[in-house]
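**Student:** Have a look; sequence and predicted model below, questions after that.
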Amino acid sequence: MRPTLSSFAAVAALPTSLSDTIVALSTPPGAGAIALVRLSGPEAIRLTDEVFAGKPLRNQPGHTLHYGTIRDGERIIDEVVVSLYRGPHSYTREDVVEISTHGSDYIVQELLGLLTRRGARLAEAGEFTKRAFLHGAFDLAQAEAVADLIAADSALSHQVALRQMRGGFSQELQNLRGRLVQFAALLELELDFGEEDVEFADRTGLVQLLQEVQALVRRLLRSFELGNVIKHGVTTVIAGRPNAGKSTLLNALLNEERAIVSDIAGTTRDLIEDEVSIEGIRFRFVDTAGLRDTTDVVESIGVERTRKRVQQAALVVYLFDIKTTTPQQLEEEIEGLQAPVGTSVLAVGNKSDVASGPELAAFRNRPGTVLIAASRGDGLDELRQELLALVRVDGLDRTGASTIVTNVRHARSLEQATQHLDAVLTGLSSGAGTELLAADLRHALAALGQITGEISNDDLLTSIFTQFCIGK
């Protein structure tokens, strides 16, 4: 069931009025082939008719296109195409007009000025999507997915955002809440008959239900680690001693000459960063200065920056030269990185193409080690698969059938829900009174309801929608 205005009593006193007609540029600012100016609200069609010379829009059906000119009095500003959408069959569920003009800043500013002088108000950030949410077009989780879809820059982030926008996550949450609401109602009924000491809710059935719901909530919560990776990418530092081949590896992974490669030790003095997508996951690789003791002032600054960057990394690729490194030295060097607890360190042996059989054998069976020849590209496919495994994407359902949590706000609400569900289970095992059970169950339902906006407030909505671009 979609939320409606009556479902959101908590947001009745919004700082903006739904009776206003809003206008904004919905395409990126700057010169381009086309610019699209969007209006939404009760006066959208009338205001456009006042400046549009073409068929009277007030007499036209929705979902139609109309050619004409925009005029300020007798002065023609531009030839345009107007798209007409009548509420509730529009994005915001209000009357919406979209004016496609030539992509000139001057034309756009003239048009916005014309419309605001006639009574339209410049839209706030995300106000079109906020109106769609308030009119019940979709819930809050779906609204947030709109912003994620706009920001998606990989196949997986696009796939996850699209599924959430289409209601996959919301449906799963509604199913969870629906299973809990029935029992919550029975507990509330017991409170109404408290003096008669009756039980309407089967405690055994409630325990089983809570365990099932708790398992589903925790699965969603666990998916946030992967969701965060899909949404924000993985900062991966390439560290190692000078001349290990770090810059060569970066160039090979990016398939371009991004970093300077030289036989002279200490060539890389500063951090070089670039991104590459591996099966839909964004990795931000950071090429760093070689780790060694040095009296060179500039190089020592680079080494210090490397150590600081290791502390901030989600993943460290420690590159070593197979020919000049022993297994014991490798262990000591990795330990000397002092990577934070929880940061994965993948040892990568380079120059396998020129290493001897015994040198290769010394590392071939070491766990968490990949052998490559960066200059020739040998072993890079295996390296990519190891990187994917370290960010736990092996179990990802690439059909989009599984729900993945990508939003920090959603993860926090799920954490609150699981805490309250644990409290209900503890109360049931200890024989707690109905009042305490009902209170904890209400809190769990509220936490789940915050995700979809069934329970919300002004500050929450303002925080979410101000992160949107103007015109969306």
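**Tutor:** Nice, thanks for sending it over.

**Student:** Select the longest helix from the protein.
**Tutor:** Scanning the chain for the longest helix, with DSSP state H as the assignment, gives helix 203-232.

**Student:** in that one, what counts as buried?
**Tutor:** 206, 209-210, 213-214, 216-217, 220-221, 223-224, 226-231 (16 or more other C-beta atoms under 10 Å). Glycine gets a C-beta too; all of them are placed from N, C-alpha and C.

**Student:** Give the other helices and strands that that helix contacts.
**Tutor:** helix 155-165, helix 168-192, strand 281-287, helix 408-430 (3 or more C-beta pairs under 8 Å, 6 or more residues apart in numbering; DSSP states H and E).

**Student:** One more pass at 6 Å, please.
**Tutor:** helix 155-165, helix 408-430 (3 or more C-beta pairs under 6 Å, 6 or more residues apart in numbering; DSSP states H and E).

**Student:** what is the orientation angle of it with strand 281-287?
**Tutor:** Inter-element angle recorded for helix 203-232 and strand 281-287: 50 degrees (by axes from the mean of the first three to the mean of the last three C-alpha atoms, to 10 degrees).

**Student:** pLDDT of helix 203-232, averaged?
**Tutor:** Average pLDDT, helix 203-232: 83.

**Student:** for the stretch 351-472 of the chain, what are the low-confidence residue spans?
**Tutor:** 392-402, 455-461, 463 (pLDDT under 70).

**Student:** Could I get the full set of strands for it?
**Tutor:** In the stretch 351-472 of the chain, the strands defined using DSSP state E, counting those that start in this stretch lie at 369-371.

**Student:** now do the stretch 201-350 of the chain
**Tutor:** Going by DSSP E, counting those that start in this stretch, the stretch 201-350 of the chain shows strands at 234-240, 272-278, 281-287, 315-321, 344-350.

**Student:** of all those strands, which lies closest to residue 17?
**Tutor:** strand 281-287 (40.4 Å; C-beta to C-beta).

**Student:** And that closest one, what does it pack against?
**Tutor:** Short answer (3+ C-beta pairs under 6 Å, 6+ apart): strand 281-287 packs on strand 234-240, helix 246-254, strand 272-278.

**Student:** Could you say which of those is packed most deeply?
**Tutor:** strand 234-240 (a mean of 25; mean count of other C-beta atoms under 10 Å).

**Student:** helices or strands up against that strand?
**Tutor:** Using 3+ C-beta pairs under 6 Å, 6+ apart, strand 234-240 sits against strand 281-287, helix 297-312, strand 315-321.

**Student:** Turn the ones you listed into CSV, including mean pLDDT, mean neighbour count and distance to residue 92.
**Tutor:** What follows is those, written out as CSV (pLDDT from 0 to 100; neighbours: other C-beta atoms under 10 Å; distance: least, C-beta to C-beta, whole Å):
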stretch, mean pLDDT, mean neighbour count, distance to residue 92
strand 281-287, 86, 22, 32
helix 297-312, 71, 15, 41
strand 315-321, 91, 24, 42
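
**Student:** among the ones you listed, which is nearest residue 181?
**Tutor:** strand 281-287 (37.4 Å).

**Student:** CA-only coordinates of that closest one in PDB, if you can.
**Tutor:** The C-alpha trace of strand 281-287 is given here as PDB (Å, rounded to 0.1, in the frame of the first residue of the first chain):
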ATOM      1  CA  ILE A 281      32.600  -2.900  -8.400                       C
ATOM      2  CA  ARG A 282      34.600   0.400  -8.300                       C
ATOM      3  CA  PHE A 283      38.100   0.200  -7.000                       C
ATOM      4  CA  ARG A 284      40.000   3.400  -6.400                       C
ATOM      5  CA  PHE A 285      43.600   2.400  -6.700                       C
ATOM      6  CA  VAL A 286      46.200   4.600  -5.000                       C
ATOM      7  CA  ASP A 287      49.900   4.300  -6.200                       C
END
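
**Student:** Partner strands of it and their direction?
**Tutor:** The strands beside strand 281-287 in its sheet (DSSP bridges) come out as strand 234-240 (parallel), strand 272-278 (antiparallel).

**Student:** Output those strands as JSON lines; include the columns distance to residue 146.
**Tutor:** Formatted as JSON lines, the strands paired with strand 281-287 follow (distance: least, C-beta to C-beta, whole Å):
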{"stretch": "strand 234-240", "distance to residue 146": "25"}
{"stretch": "strand 272-278", "distance to residue 146": "22"}
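
**Student:** export the helices and strands packed on helix 203-232 to JSON lines and tack on mean neighbour count and distance to residue 371?
**Tutor:** Output for the helices and strands packed on helix 203-232, formatted as JSON lines (neighbours: other C-beta atoms under 10 Å; distance: least, C-beta to C-beta, whole Å):
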{"stretch": "helix 155-165", "mean neighbour count": "21", "distance to residue 371": "28"}
{"stretch": "helix 408-430", "mean neighbour count": "18", "distance to residue 371": "38"}
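
**Student:** All good on my end, thank you.
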